[in-house]
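**Q** No letters, just coordinates:
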Ligand SMILES: Nc1ncnc2c1ncn2[C@@H]1O[C@H](COP(=O)(O)OP(=O)(O)OP(=O)(O)O)[C@@H](O)[C@H]1O
């Protein structure tokens, strides 16, 4: 039994549950010895989960019920993931070409529960996501708090040292006492140094983990946002997501120490009162004034930071857009237009940022003055007290040093903190907005996981309109039987792509239902749906990585041989064998590096490897030459079994020969739906001759 087989199985398991494990997650597992406390499978899995910080797995000794799948199991020497019962005696194993696993009462099954944060489940607020990640590491926070307590107590030592020097050592000339005191203070300072360094290191280390956890959450969440609910500005949304760095900075930076030090301000005031009596009145007055001022300043800059943040995000969005669309902008000589827009946004950001900067500059001066006034007032009141013999001059010196600790770092950092917090708060609002976007049905939610999604696809009373559009798609009834081959045609902008996205479950109609095999599509688990439906978008986009990554992404373990065999059929083999890097060919960021036709071939190769039951292809051959188109049609013909359903959108009338049924869309409505020959005849203005083999008569006709 190897670590590899276990990590591969866990990867499969996560995949089946629709969860993407973070890159490099298995590194710790591979480095650790999972067999430390025996090699019983339960112990190994429990140890793996605790190593990864996941909850303990549920262990199943009995025969699994269908709703308990997927399950992790050690069969012989290999870890496997069983997907479902195939029959009474055997279970289906996840992965390509895996033999069935016969049920054996000795088998022990494990159900893993992934942290909520990985399942993309929605959180009530962005702040709670940070808070949850921080509170998970309470132990370190407690250690850091203890270090703060000790460091602050030790800080008193220097002030008491000065007091002893003034009151005892200098007047009495007892230099032996001086050496003892100096040695004591030196030790105290050394401890202080160690404690503060440890505190910083501990917090920095945890901050990195918190950062990774929170970043993963927001990334997973943004990926789970339903496609039809995504805000139109992707660059703006990216900038809003980057706002989490601002929140992270304010939470993990020196400001955290400031908050930790805040209770000590009260402690120091008590010490000043003990040493200097009435002198304590000065920090008692100055500290609340400083806090109140900070609060007022925070309110004053709130609107500015909010607006500057919104404009800053739009500026980022525009930058991304202009770089992405550089070709079209250059070709249409739109450079000046874009520059003017950029300059306007830069000025807008400055316009909102300026008051924030002014307020924070003034605040810096006010707080600086407050610090000095506090010092002078303390010395003045102290001088009276010393004059009246109520305190020694050593005690006054100690009070001024301790007062410096209250007024110094605490008050000096407040203006900066207020600005940082102002921006962080605006970022939190933007993140809250993202968290409120509707999500795909995640595997964590109660959803149906049918074994077989065969059966007809039936859309009823579908209504969908893009935000701000006057009209949209409206389909009363559309039934597509299993095994049907259907083409959707229609003019530019008639709603073909939108209908296909809705049928693929990527867009949710605002009204109506779509049933797949009798089940409401919205109730089917996302991963089950994605495995059943293969969707090829009009413009198949690649991502940065190798050509292989782009072909096998989301498919689990696919061998190069399998990829090459399918590439041979689709014609992608020409690209793979014609390039020195073959499958390792690097795809640049944004998916650049391949032609439009080649990208389509990558998408089709991927789809053939995925081998779905329902194929939805949006203009699959629009970018292809005749030879490539013929190859694709042949490959599809071979790949589709008689029960598989094929629906494609096309503008090429010659492709209609491939299908028995054609749906004509116009302005979001089904104008014609019937056997190919009849629809073509209607389109050509000929009377439709009834065909005996027609799958259905023309269902909707509108001239
Ligand atoms: N993301 C979007 N936001 C707003 N409106 C959109 C969006 N995508 C498409 N539309 C609008 O919806 C309508 C239908 O678009 P759709 O892409 O479904 O048409 P289509 O029939 O596939 O067109 P084509 O043949 O050009 O691909 C069009 O009027 C289009 O302007």
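**A** Right, received. Where do you want to start? No experiment lies behind these values; they were computed from the predicted model shown.
**Q** domain assignment for this protein?
**A** Using automatic domain parsing, the domain ranges for the chain come out as 3-119, 126-435, 457-541+606-683.
**Q** where does residue 446 land on pLDDT?
**A** On pLDDT, residue 446 comes in at 48.
**Q** now swap in residue 541 and tell me
**A** Residue 541 is assigned 89 on the pLDDT scale.
**Q** before we move on, back to that, any chance of the domains of the chain in a markdown table, with mean neighbour count and distance to residue 598 too?
**A** For the C-beta atoms, the positions are set from N, CA and C on the backbone; glycine is no exception. Formatted as a markdown table, the domains of the chain follow (neighbours: other C-beta atoms under 10 Å; distance: least, C-beta to C-beta, whole Å):
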| stretch | mean neighbour count | distance to residue 598 |
| --- | --- | --- |
| domain 3-119 | 16 | 25 |
| domain 126-435 | 17 | 17 |
| domain 457-541+606-683 | 19 | 9 |
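**Q** quick one: which helix or strand includes residue 307?
**A** helix 281-324 (DSSP states H and E).
**Q** what does this structure have sitting close to the ligand?
**A** The chain comes close to the ligand at residues 466, 469, 490, 492, 493, 494, 495, 496, 497, 498, 538, as judged by C-beta under 6 Å from any ligand atom.
**Q** what's the lowest-pLDDT member of those residues?
**A** residue 469 (78).
**Q** Where do the strands of the stretch 401-550 of the chain begin and end?
**A** Applying DSSP state E, counting those that start in this stretch to the stretch 401-550 of the chain gives strands spanning 457-464, 473-480, 485-490, 511-516, 519-520, 533-536, 545-546.
**Q** Any regions of the chain where pLDDT drops low?
**A** Applying pLDDT under 70 to the chain flags residues 1-4, 18-24, 28, 31-38, 96, 115-124, 252-260, 407-410, 441-447, 686-703.
**Q** How much space separates residue 156 from the ligand?
**A** 64 Å (C-beta to the nearest ligand atom, to the nearest Å).
**Q** secondary structure element for the residue nearest to that residue when sequence neighbours are not counted?
**A** Excluding the flanking residues, the one nearest residue 156 by C-beta to C-beta, 6 or more residues apart in numbering is residue 271, at 6.4 Å. If you go by DSSP H and E, residue 271 is part of helix 254-276.
**Q** hang on, the earlier thing: which neighbouring elements make contact with the helix holding residue 307?
**A** If you count contacts as 3 or more C-beta pairs under 8 Å, 6 or more residues apart in numbering; DSSP states H and E, helix 281-324 packs onto helix 234-252, helix 254-276, helix 335-387, helix 412-435.
**Q** who are the neighbours in contact with the residue nearest the centre of the chain?
**A** The centroid of the chain falls nearest to residue 219 when counting by C-alpha atoms, centre = their mean (1.2 Å). Going by C-beta atoms under 8 Å, 6 or more residues apart in numbering, residue 219 touches residue 241.
**Q** any idea which element it lies in?
**A** Assigned by DSSP H and E, residue 219 belongs to helix 175-224.
**Q** could you give the angle of that helix to helix 412-435?
**A** Interaxial angle of helix 175-224 relative to helix 412-435 (axes from the mean of the first three to the mean of the last three C-alpha atoms, to 10 degrees): 20 degrees.
**Q** Look up phi and psi at residue 641.
**A** Torsion angles at residue 641 (phi, psi; degrees, to the nearest 10) stand at phi -80, psi 170.
**Q** Now do it against the ligand, distance only.
**A** Residue 641 is 28 Å from the ligand, by C-beta to the nearest ligand atom.
**Q** Same check on residue 138?
**A** 45 Å.
**Q** How about the contacts made by residue 101?
**A** Contacts of residue 101 by C-beta under 8 Å, 6+ apart are 73, 75, 80, 82, 90, 91, 92, 93.
**Q** Is it correct that the fifth one is in contact with residue 107?
**A** No: Residue 90 lies out of contact with residue 107 (C-beta atoms under 8 Å); the separation is 11.7 Å.
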